[in-house]
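Engineer: Provide a 3D model corresponding to the input given below.
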Amino acid sequence: MLVPNNEPFFLIELLDKIPLEKTGFRNPLFPIRNTNAQLNSNVQIEYIETWDKNIYIGTSDGSVIHFIINKYPDTENKFINGTLPYYKSECQFVQRKTISDKKPINKIIVIPSESILLVLCDNTIIFLDSKSLNNVSTSKISPIKNVLNVCTNEAIISNLQICIAKKHSIEYINFDHGVHQLMELPHNYSNCILQMRCYSNKVCIADNSSYNIFDITTGESISLFSYNQAYGRPLLNTLDEDEFMFVTSTAQGMGLGVFVSSRGDATRGTLQWQYYPNSIAYQYPYILALMDDNTLDIHNILDQRLIQRIHIPKDMQNLRIINSKLIFNNNNQKNEEKNLNIKILLYSNSKLYALTMKPIDFQLKEMMNEKYVNYALFLLEHNILKEEYQIEIKEAKLRQYYRNAGYVLMNEMLFDDALEFFQKGNVSPIILINLFEEYRIPSLVTSPVKAENNEMETDSINALIKRHLNKNYKDIDETTKESFSQAFYENAKNMLMKYLKYARNNKISSGKKQEIDTTLLKLYVESNNNELYNLIKNENHCGIEESIEVLKEKNKYYAMGLLYESKGLYQKALDIWIKIESKQLKDLDFPGIRFIVDFISNVDDKELVWKYSKWVLKEDQQLGAKIFMSDKHTDLDANSVVSYLNQHWNEAALMYLEYLVKDLKSDNTVFHTNLGLNYINSIIKYTESSLDELKRIDQEYNNFSENQSYISYLKTIKSNKIVDSRLKFINFINESDYCNVSDILKKINSYDVLMIEKVYLYSKSYEHEKALKILLYQLNDYVGAEEYCHNNQKKIEKQKNNNDNTTSTPITPTPVVDINENTYLQNKNSQHSSSNLFLNTVQKKNESLYLTLLRLYMKMENRDLLAPKIIKVLNTSYQEFPLKEVLDIIPLHWSVNMLNNYLTRSLKNSVHVDQQTKIIKNIVQGENKNVKFALTKYLDKTKPIIIDNNSKCSLCDNEIFDDNFIKTSDGNIVHFNCYNKNNK
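Structural biologist: A predicted model of the protein is given here:
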């Protein structure tokens with residue numbers, strides 16, 4: 001990372017001659033000469049304190065000298081061979097106060113809110129009035145003796161709290177309308193505390209050999225590391241509430257600046273100097289170190305780099321730097337920001353200077369202008385502005401510099417790098433759009449492009465590229481230059497595209513959404529970027545007229561339709577897409593007719609559905625039917641849809657009817673019957689064109705499928721449309737309980753070839769004899785006839801049981817029955833019903849389909865040849881054949897030996913049924929006796945219930961006239977019918 005040659009500090013001359021020697025003093029042995037050397041021959045500056053416009057100098061001869069700044073520095077001069085700019089101010093001498101004739105002034109502290117000057121001299125703190133320098137009355141504040149060192153709490157700006165180190169303790173004192181000791185804690189730093197600085201509850205202390213951190217709330221001390229007094233006095237400084245800097249040295253005498261937290265941990269890298277400094281000062285983010293050779297080194301603590309080095313002339317002796325609090329009021333300016341806040345002083349025994357740091361903003365702008373973008377941003381990201389502004393202002397400033405960095409990098413054609421900083425700085429999208437002449441927003445055209453407040457202004461992209469090429473590629477030919485120009489321009493458009501995509505989802509798009517989306521659409525179209533479709537498929541703010549014109553010019557008809565769709569112009573969208581599908585317009589991006597179907601299937605406008613589904617049905621009936629089967633259109637009138645489709649689109653009607661019947665489980669007889677008729681129509685359609693195929697199937701069955709039913713044989717035939725249609729119809733007839741069979745039979749009666757279909761229709765209408773005749777006499781399907789009897793006999797029994805349950809005789813109520821006992825009677829009735837099930841099966845044998853099958857076999861001319869098949873049926877289904885009827889039906893010439901198996905099984909079964917019937921009868925009789933006994937026992941215990949003209953039903957509130965009533969468990973009397981209705 002390139003580091004600029006930054007010079008953040010400049011000088012202001014405050015005093016060019018400091019009158020250190022006391023006025024009126026004459027030595028009779030030596031006359032006074034009017035020379036600077038004699039004026040300052042013995043007296044030295046020991047300490048300087050400043051506050052506001054006041055400067056207090058403590059001297060080695062025990063004096064305090066007071067100056068006031070009376071002129072704003074406005075005259076620019078040159079200092080040190082013209083390399084360092086500085087300004088000159090003027091200070092006015094106010095007065096001098098002698099504290100001691102022999103002892104130096106060790107420290108001065110101003111307490112401005114109390115107008116007090118605290119002076120440490122000869123291990124005693126005395127208090128002076130900060131304006132007159134008169135001693136403060138001892139009745140108000142008494143001097144403090146036995147003081148080793150003193151410092152302010154730098155976390156308190158007004159100096160109201162100070163920390164005093166004595167021989168064996170550290171005192172913490174508050175100055176607020178008097179002196180108030182807050183706490184006093186012992187220490188073990190012997191008799192020597194050379195330096196101390198306090199921030200909040202931490203005190204940094206240097207004794208005669210090491211550095212320490214002392215906690216004034218707990219008394220705990222952390223020992224850090226030692227230093228060597230041979231190289232110089234101890235140096236330390238506070239950076240903030242949790243960071244301090246201590247100066248030590250290597251064995252070779254090199255100076256080291258160590259940064260430490262309040263817990264004693266290292267916080268950042270170490271500063272290095274060639275020699276041990278004689279004094280240091282701090283102004284964020286710089287540490288200033290003054291060397292004995294009059295060199296002033298300035299380091300940035302953020303990266304520990306040496307930023308500036310000032311060489312001070314050798315004739316300035318005994319130089320020191322110190323932190324201060326000095327303000328230059330700009331009387332000619334109303335804006336307080338023009339005042340100078342001085343935080344560092346540089347002084348010798350004869351001169352006093354203020355080291356003033358250029359504002360951070362100014363330094364950063366200099367770096368930007370010199371294209372040291374990365375270093376400037378490094379400083380910003382490491383919180384270089386932390387002491388300058390409130391957090392909201394700092395964030396705004398940071399964004400501003402990010403934007404400026406983007407402009408600088410864009411000028412260098414580094415568009416990808418510029419994009420990163422534009423995003424961090426949230427630059428206005430309109431500004432970037434207007435850099436491109438072809439995308440400029442007419443109402444906002446300016447030249448050069450106007451930037452946001454306090455930001456750089458830049459030319460158009462074309463002008464930037466031209467200037468860059470002329471500067472860096474001036475020797476190349478025009479053709480190559482044009483190629484470079486085009487490449488740079490495409491990179492710039494790509495940057496704009498990416499930024500607008502970022503901005504549209506960011507709060508900076510507020511009020512600019514149409515301009516952003518319209519420009520994005522143009523960029524996507526020109527670059528043939530598929531992101532175009534993501535933009536317009538979703539919610540967007542593209543200007544419709546301008547965008548349609550751009551899309552039409554580039555033949556993006558599919559995208560035109562999508563844009564119309566996004567704006568709710570569905571009819572226009574469909575018209576364009578249909579033209580594309582009909583080859584009237586060409587757009588290879590269009591996904592095809594299925595896209596149109598999906599759109600119509602999900603549109604809310606029912607008029608559009610009816611209008612455009614007609615076009616789809618003409619193109620593809622199956623896709624057209626799917627429109628009406630969409631979940632979005634379940635509210636369409638199904639009868640209207642069926643009627644509409646039956647007019648011209650039989651295949652679509654068939655699909656829609658299947659959807660109604662199979663998916664929606666409709667029980668509408670019309671739909672079921674229509675579906676059956678549609679199946680038959682499709683079969684008839686195949687029959688008319690492939691009659692020979694049907695006859696071939698029947699012939700193959702008769703030749704090769706003796707042990708297989710006709711329907712099973714059909715299922716073995718694969719990939720045959722005729723067979724598939726017939727099986728689909730048969731499955732439908734088996735499953736549907738709502739179709740009108742007679743209408744379908746009328747339809748196929750004239751088609752003799754559709755015999756198996758008639759079998760299933762007759763089965764559905766309970767015309768079983770007709771169905772069996774077709775199976776036996778026409779199809780020769782003996783296996784199928786047996787399966788038919790087996791399957792349909794079960795259906796008959798099930799139907800008979802259902803009818804028995806729905807037409808069962810109502811229970812006659814027993815007078816005066818308690819509900820709790822009634823449960824027992826209910827159990828009895830249920831058991832009685834179960835016993836009747838078996839009795840019913842005995843009765844049904846007279847109605848058995850198997851007897852019908854046997855009679856039809858006997859009517860066949862080749863019955864003797866079929867005897868083995870008939871005997872097999874008798875043997876396997878002997879329970880279904882009553883012995884007497886069978887013996888009456890079979891021919892007399894059939895031997896008993898042929899019927900041996902059947903006769904044996906049938907006789908055993910008859911005996912079993914008879915015995916089982918008797919057992920069930922006896923069980924039922926026993927249960928009835930138990931119930932009667934329980935009822936009699938209950939009635940004996942129950943008091944009689946008297947019913948008179950005043951007795952009313954508790955449910956209907958009507959009078960009770962007969963003996964059909966019930967007494968409930970809670971004692972209420974109710975009608976029997978009312979109770980049944982209430983407990984259904």
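Engineer: quick one: secondary structure of the residue nearest the centre of the chain?
Structural biologist: For the chain, the residue whose C-alpha lies nearest the mean C-alpha position (CA atoms, centre = their mean) is N505; its distance is 13.3 Å. Reducing the assignment at N505 to three states with DSSP: H, G, I helix; E, B strand; the rest coil gives coil.
Engineer: Do you know the pLDDT at it?
Structural biologist: Confidence per residue is given as pLDDT, and for N505 that number is 86.
Engineer: Repeat that for H832.
Structural biologist: Reading off the per-residue confidence, H832 sits at a pLDDT of 37.
Engineer: does D240 really touch A155, like I thought?
Structural biologist: No: counting by CB atoms under 8 Å, A155 is not a contact partner of D240; they are 9.1 Å apart. In this view, the C-beta of every residue, glycine as well, is placed from N, C-alpha and C.
Engineer: Which residues are in contact with each of these two?
Structural biologist: Common neighbours of D240 and A155 are listed as Y199 (criterion: CB atoms under 8 Å, 6 or more residues apart in numbering).
Engineer: my hunch is that D293 is in a strand, does that hold up?
Structural biologist: No: assessed by three-state DSSP, D293 does not belong to a strand; its assignment is coil.
Engineer: Kindly provide the distance from it to P313.
Structural biologist: 11 Å (CB to CB, to the nearest Å).
Engineer: ditto for E90
Structural biologist: Distance check for E90 against P313: by CB to CB, it reads 22 Å.
Engineer: who's more crowded, those two?
Structural biologist: More crowded of E90 and P313, by other CB atoms under 10 Å: E90, with 15 against 9.
Engineer: Bridge partners for that one, pull those for me.
Structural biologist: Beta-bridge partners for E90, by DSSP bridges, are K71.
Engineer: and it, what does it touch?
Structural biologist: Taking CB under 8 Å, 6+ apart, we find E90 in contact with I69, N70, K71.
Engineer: Now for those, which sits with the most neighbours around it?
Structural biologist: Counting neighbours by other CB under 10 Å, the one among the contacts of E90 with the most is I69, which has 25 neighbours.
Engineer: Confirm for me that that residue is in contact with F93.
Structural biologist: No: proximity of I69 to F93 does not meet the contact threshold set by CB under 8 Å, at 11.7 Å.
Engineer: Give the residues shared as contacts by those two.
Structural biologist: Between them, I69 and F93 share no neighbouring residue, with contact defined by CB under 8 Å, 6+ apart.
Engineer: Report the residue spans of the stretch 301-450 of the chain with pLDDT below the cut-off.
Structural biologist: 328-340, 369-372, 374, 377-391, 443-450 (pLDDT under 70).
Engineer: Strands of that one, start to end?
Structural biologist: For the stretch 301-450 of the chain, strands defined by DSSP state E, counting those that start in this stretch occupy the ranges 305-311, 320-328, 340-347, 352-357.
Engineer: for the ones you listed, which one sits closest to I919?
Structural biologist: Between I919 and these, the shortest separation by CB to CB is 110.9 Å, and it involves strand 305-311.
Engineer: picking up where we left off before, please identify the deepest-packed of the strands of the stretch 301-450 of the chain.
Structural biologist: The highest average neighbour count among the strands of the stretch 301-450 of the chain, using mean count of other CB atoms under 10 Å, belongs to strand 352-357 at a mean of 23.
Engineer: neighbouring strands for that one, and are they parallel or not?
Structural biologist: strand 9-15 (antiparallel), strand 340-347 (antiparallel).
Engineer: Quick one: residues in contact with that strand.
Structural biologist: Counting contacts by CB under 8 Å, 6+ apart, the residues outside strand 352-357 that touch it are 8-15, 18, 48, 55, 57, 86, 89, 91, 281, 283, 286, 288, 321, 324, 326, 340, 342-347.
Engineer: for the top helix by length along the chain, packing partners?
Structural biologist: Secondary structure of the chain read by DSSP state H shows that its longest helix is helix 900-941. If you count contacts as 3 or more CB pairs under 8 Å, 6 or more residues apart in numbering; DSSP states H and E, helix 900-941 packs onto helix 819-844, helix 867-876, helix 883-889.
Engineer: Least confident of those helices, on average?
Structural biologist: Looking at these, the lowest mean pLDDT belongs to helix 819-844 (a mean of 35).
Engineer: model confidence over stretch 795-809, on average?
Structural biologist: Mean predicted lDDT for stretch 795-809 stands at 63.
Engineer: how close does K537 sit to I596?
Structural biologist: Distance, K537 to I596, using CB to CB: 15 Å.
Engineer: got it, and G269?
Structural biologist: To I596, G269 is 67 Å away according to CB to CB.
Engineer: Show me this protein divided up by domain.
Structural biologist: For the chain, whose domains are defined here by the TED database, the residue ranges read 8-22+42-144+312-358, 146-276, 366-443+458-605, 693-801+846-912.
Engineer: Adding distance to M655, write those out as JSON lines.
Structural biologist: Putting the domains of the chain into JSON lines (distance: least, CB to CB, whole Å) gives the following:
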{"stretch": "domain 8-22+42-144+312-358", "distance to M655": "80"}
{"stretch": "domain 146-276", "distance to M655": "76"}
{"stretch": "domain 366-443+458-605", "distance to M655": "13"}
{"stretch": "domain 693-801+846-912", "distance to M655": "12"}
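Engineer: if you average pLDDT over each of those, which comes out lowest?
Structural biologist: Within the domains of the chain, the stretch with the lowest mean pLDDT is domain 8-22+42-144+312-358, showing a mean of 80.
Engineer: Off-centre distance for that domain?
Structural biologist: 59 Å (CA atoms, centre = their mean, to the nearest Å).
Engineer: okay, how far is it across that domain, tip to tip?
Structural biologist: With CA to CA, to the nearest Å as the measure, the first residue of domain 8-22+42-144+312-358 is 5 Å from its last.
Engineer: Would it be right to say that I730 lies in a helix?
Structural biologist: Yes: counting by three-state DSSP, I730 is located in a helix.
Engineer: Which parts of the stretch 101-250 of the chain are strands?
Structural biologist: 105-111, 116-121, 124-129, 147-152, 161-166, 169-175, 179-186, 195-199, 202-206, 210-215, 221-226, 235-240, 243-249.
Engineer: export the ones you listed to TSV and tack on distance to R399?
Structural biologist: As requested, those are exported to TSV (distance: least, CB to CB, whole Å):
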stretch	distance to R399
strand 105-111	39
strand 116-121	45
strand 124-129	49
strand 147-152	37
strand 161-166	38
strand 169-175	42
strand 179-186	43
strand 195-199	31
strand 202-206	35
strand 210-215	38
strand 221-226	40
strand 235-240	24
strand 243-249	27
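Engineer: before we move on, back to that, nearest to K718, out of the strands of the stretch 301-450 of the chain?
Structural biologist: Ranking the strands of the stretch 301-450 of the chain by distance to K718, with CB to CB as the measure, places strand 305-311 first at 84.0 Å.
Engineer: Direction included, what does that closest one pair up with?
Structural biologist: Sheet pairing here is set by DSSP bridges, and for strand 305-311 it gives strand 295-300 (antiparallel).
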